Each structure stands twice: as C-alpha cells, then as structure tokens.
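Chemist: This is a predicted model, with the sequence first.
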Amino acid sequence: MREQPKSLDGRHAASWKYRATECAERPGRCFDESMTSHGEVPRVVRASREIAASPERIFELIADPVQQPRWDGNANLAEADAGQVIHAMGEIFTMKTTKGHVRENHVVEFVDGRRIAWQPAEPGQEPPGHLWRWELQPLGASRTRVTHTYDWTHLTDEKRLPRARATTVDNLQASLDRLATLTVASDEEP
C-alpha cells in the first residue's frame, strides 16, 4: 500500500487508507467504482494523459493561477491576480469564476513538479469538502503522464452537489488536452 500523504488530517486519513487498500486489491478499478453504490455518480473522477513536455514545464502552468483559465476544461475559471504562483502546501490562492464569484483555494498537497491539490472555498470559509488534484509522472526527459482528479467524496455543501455531479471525465480530459496544447505551443514560441 502507498504511504499516506502528509497533507491529510485525521478526518480524511481513514478515507484515504480505505481507498488505497481498495486500489491495491483491485487495480484498474481504483476510486471510481468502489466509492459509489450501484447507479450513483462516482464521487472521484479521474483522467490521465501523456504530454510531450517535462513535468517541470507542465507544473509551471498548473501552479500559476493566472494560467489556469487557459486550460480549464470545466469552463468555470475566469481570472486570477498575478503573483500567486504556488510554492508550498498551506498556501491560499484566489480565483474568480465565470459567474463572478471569488474562491479561495487552499493548497492541501504539494510536491514541487510532481503533485499539487487544492480545496476551493468561499472567502473566509472552510473548504466544503471537494478537491482538485494534479499528479505528474516523468516518463523521460520530455514526456510526462499527467493525472487530473476531482474528488468530492467529502463535499458537505448541498448547493454544490449538482455542479459536482456534472463534473465528468470528459471535463477533466478537456483540461488535460488544453494543458497539452498550451505546453506544446509555449515550447514552440521563439
């Protein structure tokens, strides 16, 4: 079984341990099916893709909130103030949504160039329990497997449930595809 991420508090640690055990016992069926009852929408949605770029280059685009609206496959992000590049767990960056709402994003996992995750919240509020995660696995000098996960297992805010249910693998894949396009385009610029 994988080591538990240091960013998880006691409330999330038991859930992570259960999911990690499920993944070890049922490879290829990790998270999605095992986290729902029959017919229910998965509460953990995941997509992966290989991108022809180094993990460091890809991570630069993910960890800079100004860049996030450029690759957002949910069409939910509008803009972020410059100067909020994420460098560590515990940081908070703000983002304005396409509906004009401001979200504080609490960074709960961070391994430079390899993994980053955040939980959105309304300004001044605790995160209601959903999480966006990016994991980058080097496959060579200029190839990376990027895995994008949306986990709403612990979402407690009833008004956010319809939006959470509407977030699909296709949305996550769209983010990965846009990220790949941006990475390649920026590498080709003089």
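Modeler: Looks like it arrived, so ask away. Residues are numbered from 1 along each chain as shown.

Chemist: Residues touching the longest helix along the chain, excluding its own?
Modeler: Determined from DSSP state H, the single longest helix within the chain is helix 169-188. For helix 169-188, contacts defined as Cβ atoms under 8 Å, 6 or more residues apart in numbering pick out 45-49, 51-53, 57-58, 61-62, 67, 70-74, 146, 148-150. Just so you know, the C-beta spots here come from the backbone N, C-alpha and C atoms, and that holds for glycine as well.

Chemist: Tell me which of the residues you listed fall in strands.
Modeler: Under the assignment DSSP state E, these contribute 45, 46, 47, 48, 49, 51, 146, 148, 149, 150 to strands.

Chemist: How about the second one, nearest residue that isn't a chain neighbour?
Modeler: In other words, residue 46. residue 149 (4.6 Å; Cβ to Cβ, 6 or more residues apart in numbering).

Chemist: Then the first one?
Modeler: The shortest distance from residue 45 to any residue other than its chain neighbours is 4.8 Å, reached at residue 150 (Cβ to Cβ, 6+ apart).

Chemist: Please name the residues that touch that neighbour.
Modeler: Counting by Cβ under 8 Å, 6+ apart, residue 150 has contacts 44, 45, 46, 130, 131, 132, 133, 164, 167, 171, 172.

Chemist: Dump these to a markdown table, plus pLDDT, distance to residue 141 and neighbour count.
Modeler: Output for the contacts of residue 150, formatted as a markdown table (pLDDT from 0 to 100; distance: Cβ to Cβ, whole Å; neighbours: other Cβ atoms under 10 Å):
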| residue | pLDDT | distance to residue 141 | neighbour count |
| --- | --- | --- | --- |
| 44 | 96 | 31 | 19 |
| 45 | 97 | 30 | 21 |
| 46 | 97 | 26 | 17 |
| 130 | 96 | 35 | 23 |
| 131 | 97 | 31 | 21 |
| 132 | 97 | 28 | 22 |
| 133 | 98 | 25 | 19 |
| 164 | 94 | 37 | 19 |
| 167 | 94 | 33 | 19 |
| 171 | 95 | 30 | 18 |
| 172 | 97 | 26 | 22 |
